[in-house]
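Chemist: Predicted model, plus sequence, below.
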Amino acid sequence: MAELQESLAELRQTFKSGKTRSVAWRKNQLRAILDLIRDKEEVIFEALHQDLGKHPVEAYRDEVGVVKKSATHSLSNVEKWMAPKKAPIPLLFFPAKGEVLPEPLGLVLILASWNFPLSLALDPLIGAISAGNAVVLKPSEHAPACSSFLAKTLPLYLDNDAIKVIEGGADVSEQLLQHKWDKIFFTGSPRVGGLIMTAAAKHLTPVTLELGGKCPAILDSLENLPDIKAAIKRIVGGKWGACNGQACIGIDYILVEDKLKSTLIESLKRTIHKFYGENPQNSDSIARAVNKHHFERLRNLLKDPRVAASIVHGGSLDEEKLFIEPTLLLNPPLDADVMGEEIFGPLLPIITLENIQESIDFINSRPKPLAIYAFTKDETFKRQIVAETSSGSVTFNDVLVQFLCDTLPFGGVGQSGFGRYHGKFSFDTFSHEKAVLQRSFFPEIEPRYPPWNGFKLKFIRLAYNFDYLGLLLLLLGLKR
């Protein structure tokens, strides 16, 4: 605790010195992150393989490439983002000028998740640095190789007076949360997100919570699917190709019309076989459960006899290798845990409906998801989904790709979180937009001061209605 307090005092002193506010400092740190991922790419691949069994292609696509893209984008735009922006001022304030000035919040805490342990640590860090903050980064202890890599490597590249990595388990997180921060950014589960909010409330600390949720995929009828093969490939790739289902924006379940279920199941089976072979356990293209605890959690979901009876493909497990086969469940009970909690693993329930329009009511009957995916060419149905559901994002005819788009905000709503980041939105998340108004001493508007009378009431009424002609006539004595 004493060492932690000393580190936080050092960070606050660094921020107080104004060092992190300069554009030169921000750009130097962003360049250093680019240097780090270029120099240590193979080390990163190995760490991600140790923690999660990720193939280098998946590791580059979802981790290294994401960080490189984000840092490059911020480096190209940070000077523009941090510049004051002129604000229009009403004529009544003349002569005056106004501007909105982005300023860093101060000392921020980033609590990263284990499923994408590099990108979910460094991507928010890029936003915090771009905004000019001092930062404490706490990697997830559930990805120990990546946590160790960040702790050992970041100080070699970044300014250790302003950016520190603190490792540890839940006890360290609890110690960190006892302190006052100027911002807390957390990626993880809704349960832990509630604990973060409770701790932050003691100091009125603003928080951004990137949580999860049960993200549905809606598969429209065949006549509204111009390419069902492409749709199935994207579903399979999005479900099992991103950390084997351990992704907050991964597909949690599919909604489909009953008449299409057989076609869907057979297409999913063929594509799983094509991507991962006859025995996916021997494939190097699919990740594994992060640890025994999460493996057991997933196994317990399948232990429910009603859920086990719904398995139409897969279901095999290897505890030693922490591997669970891609598994399809047809209409598991809606009151089962597999449909009540975020799966965060390779199990995919398929829920059938009489009419795909019922999918809107089905989604609305449950907590708001982080993402909704819908495969359809029906423009009316698309408009219905956007207008009649609430979610962090909606993506049509693809999955996961919205996460890679820096020009779109990424974040949840309701139980899937709040706040947003990526690109300029990350900069905004870690900034305060300060209003600056400058006025002259002339002219003085006397009706703003007591003693009050009828003339002053008329003047103020006209001013608030922006009736400048009426004000002029009143001052000239031509309006009563």
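Modeler: That came through, no problem.

Chemist: Going along the chain, name the strands of the stretch 351-480 of the chain.
Modeler: Along the stretch 351-480 of the chain, the segments classed as strands by DSSP state E, counting those that start in this stretch run 371-375, 393-396, 417-418, 431-439.

Chemist: Packed most tightly, which of those strands would that be?
Modeler: strand 371-375 (a mean of 26; mean count of other Cβ atoms under 10 Å). The C-beta positions use only the backbone N, C-alpha and C, and glycine is treated the same way.

Chemist: Quick one: distance of that strand to the chain centre.
Modeler: Chain-centre distance of strand 371-375: 17 Å, with Cα atoms, centre = their mean, to the nearest Å.

Chemist: before we move on, what about stretch 47-64?
Modeler: 19 Å.

Chemist: Using PDB, write out every CA atom in that stretch.
Modeler: Extracted C-alpha coordinates of stretch 47-64, given in PDB (Å, rounded to 0.1, in the frame of the first residue of the first chain):
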ATOM      1  CA  ALA A  47       2.300 -14.400 -24.800                       C
ATOM      2  CA  LEU A  48      -1.200 -14.600 -26.400                       C
ATOM      3  CA  HIS A  49      -0.600 -18.200 -27.300                       C
ATOM      4  CA  GLN A  50       0.400 -19.000 -23.700                       C
ATOM      5  CA  ASP A  51      -2.600 -17.300 -22.200                       C
ATOM      6  CA  LEU A  52      -5.400 -18.200 -24.700                       C
ATOM      7  CA  GLY A  53      -4.000 -20.400 -27.400                       C
ATOM      8  CA  LYS A  54      -4.400 -17.700 -30.100                       C
ATOM      9  CA  HIS A  55      -2.900 -18.300 -33.500                       C
ATOM     10  CA  PRO A  56      -0.600 -15.500 -34.700                       C
ATOM     11  CA  VAL A  57      -3.100 -14.500 -37.400                       C
ATOM     12  CA  GLU A  58      -5.900 -14.100 -34.900                       C
ATOM     13  CA  ALA A  59      -3.500 -12.300 -32.500                       C
ATOM     14  CA  TYR A  60      -2.500  -9.800 -35.200                       C
ATOM     15  CA  ARG A  61      -6.000  -9.300 -36.400                       C
ATOM     16  CA  ASP A  62      -7.600  -8.700 -33.000                       C
ATOM     17  CA  GLU A  63      -4.700  -7.400 -30.900                       C
ATOM     18  CA  VAL A  64      -1.500  -6.200 -32.600                       C
END
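
Chemist: wait, residue 111 sits on residue 185?
Modeler: Yes. The criterion here is Cβ atoms under 8 Å, and residue 111 meets it with residue 185 at 7.1 Å.

Chemist: So which other helices or strands are in contact with the helix or strand where residue 312 lies?
Modeler: Element membership for residue 312, per DSSP states H and E: strand 311-313. Judged by 3 or more Cβ pairs under 8 Å, 6 or more residues apart in numbering; DSSP states H and E, strand 311-313 is in contact with helix 261-276, strand 327-330.

Chemist: which stretch among these comes nearest residue 299?
Modeler: Among these, strand 327-330 comes nearest to residue 299, with 11.1 Å by Cβ to Cβ.

Chemist: Show residues contacting the helix or strand following that closest one.
Modeler: Note on strand 327-330: by DSSP H and E, the next helix or strand toward the C-terminus is helix 337-340. Outside helix 337-340, the residues within contact range by Cβ atoms under 8 Å, 6 or more residues apart in numbering are 214, 253, 300-302, 304, 307, 329, 332-333, 347, 349, 351.

Chemist: what's the domain layout of the chain?
Modeler: With domains defined by automatic domain parsing, the chain comprises 2-211+421-433, 216-411.

Chemist: Would you mind telling me which of those domains is nearest residue 455?
Modeler: Across the domains of the chain, closest to residue 455 is domain 2-211+421-433 (Cβ to Cβ), at 16.7 Å.
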